[in-house]
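Engineer: The sequence and its predicted three-dimensional model are supplied below.
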Amino acid sequence: MISSSEDHSSSDDDDEQQRNEIREDLKSMSFEEIMKLKEELGSKIYKEAVLGIENRSKNAKLKKDKQDFKRLNKNRPREQTSTRQVPFLGAEMRLKRKKDHDIRDPRFDERAGDYDVKKFKENYKFVSEIREKEVQHLKSALNKATDDEERQDIKKTIQRLINKNVEENKWHQKQQQLKEEQKEVQKAIAEGRQPHFVTKKERRAKELVAQFEDLKEKGKLTKHLEKRRKKNAAKDRKRIGFD
């Protein structure tokens with residue numbers, strides 16, 4: 001009975017003999033005929049049939065797969081191939097910690113509780129003071145800046161911080177007003193009177209009165225009225241169709 005190794009060696013000899021015969025035939029062909037043959041067969045088949053590149057690579061890979069890393073002593077660790085990447089020390093522990101650690105977004109997690117605007121505004125009220133300090137710092141930087149583009153950027157940042165603080169102050173003033181209205185309602189109920197619930201229209205009128213009084217004290221009322229007049233005139237022109 002012929003072994004598999006003998007069969008493999010005999011097949012390799014036959015392939016080599018066929019390639020030699022093909023090479024002999026190619027010697028009698030011109031260069032143009034050889035290139036035409038290569039185009040018809042394809043580069044891969046041509047190299048495999050004539051040069052035997054594919055078979056050599058397969059045999060090398062087969063020998064590599066069959067390579068066995070033997071040990072001089074059975075108690076010694078087996079030698080590992082250098083082509084396999086060695087895992088970094090502690091990679092398994094890091095993977096385990098990553099699986100155990102639950103990453104969650106508190107904005108969309110019920111375990112974080114409900115978002116309370118009032119508590120949030122009160123807890124982060126100190127941010128307004130930080131903005132005021134930042135405005136002062138930017139104003140001093142504006143005086144030192146010489147580049148026009150840099151000055152424009154600083155002015156925009158200052159205005160944005162000021163507007164944010166104005167919005168925060170308006171919100172706190174509105175909350176204070178709501179507290180006073182609630183106290184008036186509770187006082188009326190305690191005295192046995194019919195409580196008066198302020199409507200949105202009445203609340204808006206009070207806000208406008210308070211705003212005008214504040215502008216008057218600061219000497220900005222005339223400028224504010226002129227600005228509103230121009231704004232309303234632009235709206236009227238747009239509505240009529242002049243613009």
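Structural biologist: Thanks, I have it.

Engineer: By mean pLDDT, flag the weakest helix or strand of the protein.
Structural biologist: Using mean pLDDT, DSSP states H and E, the weakest-scoring helix or strand in the chain turns out to be helix 53-66, at a mean of 52.

Engineer: In which helix or strand does residue 150 reside?
Structural biologist: Assessed by DSSP states H and E, residue 150 sits inside helix 148-190.

Engineer: Which positions within the helix or strand immediately after that helix in the chain qualify as buried?
Structural biologist: Of the helices and strands lying after helix 148-190 in sequence (DSSP H and E), the nearest is helix 200-218. Buried residues in helix 200-218, counted by 16 or more other Cβ atoms under 10 Å: none are found. All C-beta atoms are positioned from the backbone trio N, CA, C, and that covers glycine.

Engineer: In terms of secondary structure, what does the next helix or strand after helix 200-218 contact?
Structural biologist: Going down the chain from helix 200-218, the next helix or strand is helix 221-240, by DSSP H and E. Counting contacts by 3 or more Cβ pairs under 8 Å, 6 or more residues apart in numbering; DSSP states H and E, helix 221-240 packs against helix 200-218.

Engineer: pLDDT averaged over the helix it packs on, what's the number?
Structural biologist: Average pLDDT, helix 200-218: 83.

Engineer: what's the answer for stretch 130-143, then?
Structural biologist: pLDDT averaged over stretch 130-143 gives 92.

Engineer: what's the domain layout of the chain?
Structural biologist: By the assignment in the TED database, the chain contains the domains 16-54, 116-197, 200-242.

Engineer: Reformat those domains as CSV; add distance to residue 105.
Structural biologist: Output for those, formatted as CSV (distance: least, Cβ to Cβ, whole Å):
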stretch, distance to residue 105
domain 16-54, 53
domain 116-197, 17
domain 200-242, 35
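
Engineer: worst average pLDDT in those?
Structural biologist: domain 16-54 (a mean of 68).

Engineer: Which helix or strand contains the nearest residue to residue 164 once chain neighbours are set aside?
Structural biologist: Spatial nearest neighbour of residue 164, excluding adjacent residues (Cβ to Cβ, 6 or more residues apart in numbering): residue 131 at 6.3 Å. For residue 131, the host element (DSSP H and E) is helix 126-144.

Engineer: could you give the angle of that helix to helix 148-190?
Structural biologist: With axes from the mean of the first three to the mean of the last three Cα atoms, to 10 degrees defining the directions, helix 126-144 sits at 150 degrees from helix 148-190.

Engineer: Residues in contact with helix 126-144: which ones?
Structural biologist: 151, 154, 155, 157, 158, 161, 162, 164, 165, 168, 169 (Cβ atoms under 8 Å, 6 or more residues apart in numbering).

Engineer: send the alpha carbons of that helix over as PDB?
Structural biologist: Extracted as PDB, the C-alpha positions of helix 126-144 are listed here (Å, rounded to 0.1, in the frame of the first residue of the first chain):
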ATOM      1  CA  PHE A 126     -23.800  80.400  41.200                       C
ATOM      2  CA  VAL A 127     -23.100  80.000  37.500                       C
ATOM      3  CA  SER A 128     -24.500  83.500  37.000                       C
ATOM      4  CA  GLU A 129     -21.800  84.900  39.200                       C
ATOM      5  CA  ILE A 130     -19.200  83.000  37.200                       C
ATOM      6  CA  ARG A 131     -20.600  84.600  34.000                       C
ATOM      7  CA  GLU A 132     -20.300  88.100  35.500                       C
ATOM      8  CA  LYS A 133     -16.600  87.500  36.400                       C
ATOM      9  CA  GLU A 134     -16.100  86.100  32.900                       C
ATOM     10  CA  VAL A 135     -17.600  89.200  31.300                       C
ATOM     11  CA  GLN A 136     -15.300  91.500  33.300                       C
ATOM     12  CA  HIS A 137     -12.300  89.400  32.200                       C
ATOM     13  CA  LEU A 138     -13.400  89.600  28.600                       C
ATOM     14  CA  LYS A 139     -13.900  93.300  28.700                       C
ATOM     15  CA  SER A 140     -10.300  93.800  29.900                       C
ATOM     16  CA  ALA A 141      -9.200  91.500  27.100                       C
ATOM     17  CA  LEU A 142     -11.200  93.500  24.600                       C
ATOM     18  CA  ASN A 143      -9.400  96.700  25.600                       C
ATOM     19  CA  LYS A 144      -6.000  95.000  24.900                       C
END
